[in-house]
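**Student:** Below are the sequence and a predicted model; questions follow.
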2 protein chains.
Amino acid sequence: MIRWIAFDADDTLWENEIYYQSAQAALVDVLGKYCNGVMVAQALLDTETRNIASFGYGIKSFGLSMIETAIQLSNGRISAGDIQSILEKIKEMTGTAPQVISAVPETLSILAKNYQLLVITKGDLLDQERKLQSSGLSSFFTGFEVVNGKDETTYRRILERYQIPLDQFLMAGNSLRSDVLPVAAIGAKAVLVQHELTWEHEKIVNLNLVNHPYYEIATIDLLPQLVDQINQELK
Amino acid sequence: MIRWIAFDADDTLWENEIYYQSAQAALVDVLGKYCNGVMVAQALLDTETRNIASFGYGIKSFGLSMIETAIQLSNGRISAGDIQSILEKIKEMTGTAPQVISAVPETLSILAKNYQLLVITKGDLLDQERKLQSSGLSSFFTGFEVVNGKDETTYRRILERYQIPLDQFLMAGNSLRSDVLPVAAIGAKAVLVQHELTWEHEKIVNLNLVNHPYYEIATIDLLPQLVDQINQELK
């Protein structure tokens, strides 16, 4: 029987990628005299991916990668003023309360009656806690875990920390790579919740994990019914 | 009776400020044609302090503040190449294994026999976990908590999380502001472990908290004896 339901945060509980794409559009403007938008998108993704080992995920890592990409694509010709405008954009993002995704509060309210709810998110500790507070959703959750990455070891460690048996755990999120496949691979239940905007990085999956079954729903309000159905089958 | 001992990490378990000061010296070199070292030190501290609300603590926040300071002090004349060199310095820091402070492993080894040990540190999640792993000290600790700031609420929340009674908790660290005064203020034991290099920011204390008593030792190897003594007095 499922007793614990964990949620990804960005683009599962609240919008996130839309703000990153808006910052990327501002970078395209800044770099307009050096290259086009496709080149910016590709170079930024490459820089972010390369920098994950040094900087990890989240808003500050994204800011440092934006600056590095701007220097690279301008061949060192970008002005200090333009770099300052990138810094300002990042600060603006850290001051933006993200929009909570449609039906999330109602869904959490239903689920919280019968399940212990967790958030498991990558990214920046300060930024994610700030977004949780501004979302108004924090009272639904027993725990809020910000982690450096989401692989099988991460999920096993969190289950151990909360003393959750594998067969009582379900994870829901919009990333096949981070929220679904590693959870399915350790033998727990995983639900992909579709979102039209998902960061390209999250679409690159570990091919060793793709043979584990998982569930998929179009919108989060379908989750309570799905969990009921799973629990009926497990009875 | 003390049963739990928590440690700060940077400049308590391993060197940290020395690497930040080395990066600051590199920034002074880069800005040599615009201003002197004293001006760089003051402007950088001002920028870091102002940016804590947006970026929090840690290596990436420091990197973004270094870039912002360089733009400001050069009046926007700094070159993209010089900003790239700041990015490289930050990456170099994320790849440096910090030196463990003298007598720390022996002291932890003694204390771990009779007490549960924790780390409570501010800063960057990825960078602090990386440093813990590279230090070789991780096996001594029951828990490793990376937090956004260290005030009374932070400590109360951690004590609650681990179900530690106030009178069983002692915190040791090099920062009066973060490790000592808020812990003393909630009524637990706090020990200032001296370190010759302490970040200027950590020297600015909350004056409402300064009347609470705390202990002070010159080096960490004096901690086991102090804890024994405290426990004798509490008997």
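**Tutor:** Right, received. Where do you want to start?
**Student:** A strand includes residue A:190, no?
**Tutor:** Yes: under DSSP: H, G, I helix; E, B strand; the rest coil, residue A:190 sits within a strand.
**Student:** How about it: which residues does it bridge to?
**Tutor:** Assessed by DSSP bridges, residue A:190 has beta-bridge partners residue A:171.
**Student:** measure it to residue A:82 for me?
**Tutor:** Distance, residue A:190 to residue A:82, using CB to CB, to the nearest Å: 42 Å. No exception for glycine: its C-beta is placed from N, CA and C like everyone else's.
**Student:** what about these two, which has more around it?
**Tutor:** Set residue A:190 next to residue A:82 and count neighbours by other CB atoms under 10 Å in any protein chain shown: residue A:190 wins out with 25 against 18.
**Student:** so the more buried one sits right up against residue A:171, yeah?
**Tutor:** Yes: if you go by CB atoms under 8 Å, residue A:190 and residue A:171 touch, sitting 5.2 Å apart.
**Student:** Quick check: end-to-end length of stretch A:95-109?
**Tutor:** End-to-end span of stretch A:95-109 (CA to CA, to the nearest Å): 27 Å.
**Student:** which parts of it are buried?
**Tutor:** Within stretch A:95-109, the residues that qualify as buried are A:98, A:100, A:101, A:104, A:107, A:108, counting by 16 or more other CB atoms under 10 Å in any protein chain shown.
**Student:** Identify the farthest-apart pair in these.
**Tutor:** Of all pairs drawn from the buried residues of stretch A:95-109, the greatest distance, 17.0 Å, lies between A:98 and A:107 (CB to CB).
**Student:** mind listing what residue A:191 touches?
**Tutor:** If you count contacts by CB atoms under 8 Å, 6 or more residues apart in numbering or on different chains, residue A:191 has them with A:170, A:171, A:172, A:173, A:180, A:214, A:215, A:216, A:217, A:223, A:226.
**Student:** If any of these are buried, give me the ChimeraX selection for them.
**Tutor:** Selection command for ChimeraX covering only the buried members of those, criterion 16+ other CB under 10 Å:
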select /A:170,171,172,173,180,214,215,223,226
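**Student:** Below-threshold pLDDT in chain A: ranges please.
**Tutor:** Chain A contains no residues with pLDDT under 70.
**Student:** need the helices for it, in chain order.
**Tutor:** Remark: helices assigned in chain A by DSSP state H are A:17-30, A:37-55, A:59-73, A:80-94, A:104-112, A:125-135, A:152-161, A:181-185, A:223-234.
**Student:** Domain ranges for chain A, per the record?
**Tutor:** Domain assignment for chain A, taken from automatic domain parsing, gives A:4-14+A:98-234, A:17-94.
**Student:** Let me have those domains in JSON lines, extended by distance to residue B:70.
**Tutor:** Listed next are the domains of chain A as JSON lines, based on distance: least, CB to CB, whole Å:
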{"stretch": "domain A:4-14+A:98-234", "distance to residue B:70": "23"}
{"stretch": "domain A:17-94", "distance to residue B:70": "8"}
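**Student:** how about the CA coordinates for stretch A:226-234, as PDB?
**Tutor:** What follows is stretch A:226-234, C-alpha atoms only, in PDB (Å, rounded to 0.1, in the frame of the first residue of the first chain):
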ATOM      1  CA  LEU A 226      -4.400   6.800  -9.800                       C
ATOM      2  CA  VAL A 227      -3.100   6.300  -6.300                       C
ATOM      3  CA  ASP A 228      -6.400   4.900  -5.200                       C
ATOM      4  CA  GLN A 229      -6.400   2.500  -8.200                       C
ATOM      5  CA  ILE A 230      -2.800   1.400  -7.400                       C
ATOM      6  CA  ASN A 231      -3.700   0.800  -3.800                       C
ATOM      7  CA  GLN A 232      -6.800  -1.200  -4.900                       C
ATOM      8  CA  GLU A 233      -4.500  -3.400  -7.000                       C
ATOM      9  CA  LEU A 234      -2.000  -3.900  -4.200                       C
END
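**Student:** Give the buried residues for that stretch.
**Tutor:** By 16+ other CB under 10 Å, the buried positions in stretch A:226-234 come out as A:226, A:227.
**Student:** and if you look at stretch A:30-37?
**Tutor:** A:30, A:31.
**Student:** then stretch A:58-75 to CSV, C-alphas only?
**Tutor:** Extracted in CSV, the C-alpha atoms of stretch A:58-75 (Å, rounded to 0.1, in the frame of the first residue of the first chain):
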residue,chain,number,x,y,z
GLY,A,58,19.8,25.8,-9.7
ILE,A,59,19.5,29.5,-10.3
LYS,A,60,23.1,30.5,-9.4
SER,A,61,24.6,27.8,-11.5
PHE,A,62,22.4,29.0,-14.3
GLY,A,63,23.6,32.6,-13.8
LEU,A,64,27.3,31.6,-13.9
SER,A,65,26.6,29.5,-17.0
MET,A,66,24.8,32.4,-18.7
ILE,A,67,27.8,34.7,-18.2
GLU,A,68,30.2,32.0,-19.4
THR,A,69,28.1,31.4,-22.5
ALA,A,70,27.9,35.2,-23.2
ILE,A,71,31.7,35.5,-23.1
GLN,A,72,32.2,32.5,-25.3
LEU,A,73,29.7,33.3,-28.0
SER,A,74,30.8,36.9,-28.2
ASN,A,75,34.5,35.8,-28.5
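**Student:** starting at the chain centroid, how far to it?
**Tutor:** 20 Å (CA atoms, centre = their mean, to the nearest Å).
**Student:** Could you pull out the buried residues of that stretch?
**Tutor:** Neighbour-count burial for stretch A:58-75, counted by 16+ other CB under 10 Å, picks out A:58-74.
**Student:** which of these are close to chain B?
**Tutor:** A:60, A:61, A:63, A:64, A:67, A:68, A:70, A:71, A:74 (CB under 8 Å from any CB of the partner chain).
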